[in-house]
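# here is a sequence together with a model predicted from it:
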Amino acid sequence: MGITQISDTKSWESDVMNSPTPVFVDFWAEWCGPCRMVTPVVEELASDYEGKVSFVKVNVDEANELASRYNVFSIPTLALFSKGKIIGQQVGAASKEAYKKMIDSALEKA
């Protein structure tokens, strides 16, 4: 399954807003050092939660309209969406455990 790259609003609607499973979204950019540090962690999480949570990366330079829509002013911003709404969010790089806690908490409520 892996991680889906999104760069336009059309795929955002189908991959995130209308997803049957919760979606973990990584708002990032090529030039962002902390974003590059988070990438392997997000890849591990995608493997850990395969089938339960979808994973999406949004390059804010390519999809600045999406970044603006969700008030992403600092990157990395990692958000968990369910049924089209943000149900968890972390701004800045964090540990794998912090992301797991956010995802697990949201899955319990979903």
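On my side now, so go ahead. Numbering: from 1, shown residues only.
# nearest residue to E65 in space, please, no chain neighbours.
Distances taken as CB to CB, 6 or more residues apart in numbering place T9 nearest to E65, at 6.3 Å, with adjacent residues excluded. Every C-beta, even on glycine, is put in place using the N, C-alpha and C of the backbone.
# pLDDT score for the one you found?
For T9, the pLDDT comes out at 79.
# in contact with it, which residues?
With CB atoms under 8 Å, 6 or more residues apart in numbering as the criterion, the residues that contact T9 are 63, 65-66.
# so which of the residues you listed are in helices?
In this view, these that belong to helices under DSSP state H are 65-66.
# out of the contacts of T9, which end up buried?
In the contacts of T9, burial by neighbour count holds for 63, 66, counting by 16 or more other CB atoms under 10 Å.
# scan the protein for its longest helix.
helix 33-48.
# contact partners of that one?
Taking CB under 8 Å, 6+ apart as the rule, helix 33-48 contacts 1-3, 24, 26, 28-29, 53, 55, 57, 75-76, 78, 92-96, 99-100, 103.
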